[in-house]
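[1] Generate a structure from the sequence data that follows.
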Amino acid sequence: MLVQSGIDHRAGQLMACITCALCIDASDDVMERIGKPPGLIDYIALADKERETAGAPPRPIWQHVLRTCKILYTAL
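    Got it, this is the predicted structure:
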């Protein structure tokens, strides 16, 4: 999907992406207009890429934030 920034996101993750979410908003607007569910383009954690590609639901955000190493680093 080519949006205002001129980046083609169909190629996957790109260095030129500044994570402004314009592509997500534009995609959701188009999907709503054509009667399809939104969420065609969305953020994904790289750790969940294989999981979500296989059709499994994404892990809850708390599992990404509250990892063992982060808790240990905070405690130290």
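[2] Give me the longest helix you can find in the protein.
    Ranked by residue count, the top helix of the chain under DSSP state H comes out as helix 22-33.
[3] Can you give the distance from it to the centre of its chain?
    In terms of CA atoms, centre = their mean, to the nearest Å, the centre of helix 22-33 is found 14 Å from the chain centre.
[4] Just give me how far the helix or strand just after it sits from the chain centre.
    Per DSSP states H and E, helix 22-33 leads on to helix 49-53 as the next helix or strand towards the C-terminus. With CA atoms, centre = their mean as the basis, helix 49-53 stands 11 Å off its chain's centre.
[5] Just give me how far the next helix or strand along the chain from helix 49-53 sits from the chain centre.
    Downstream of helix 49-53, the first helix or strand assigned by DSSP H and E is helix 61-65. A distance of 14 Å separates the centroid of the chain from that of helix 61-65, by CA atoms, centre = their mean.
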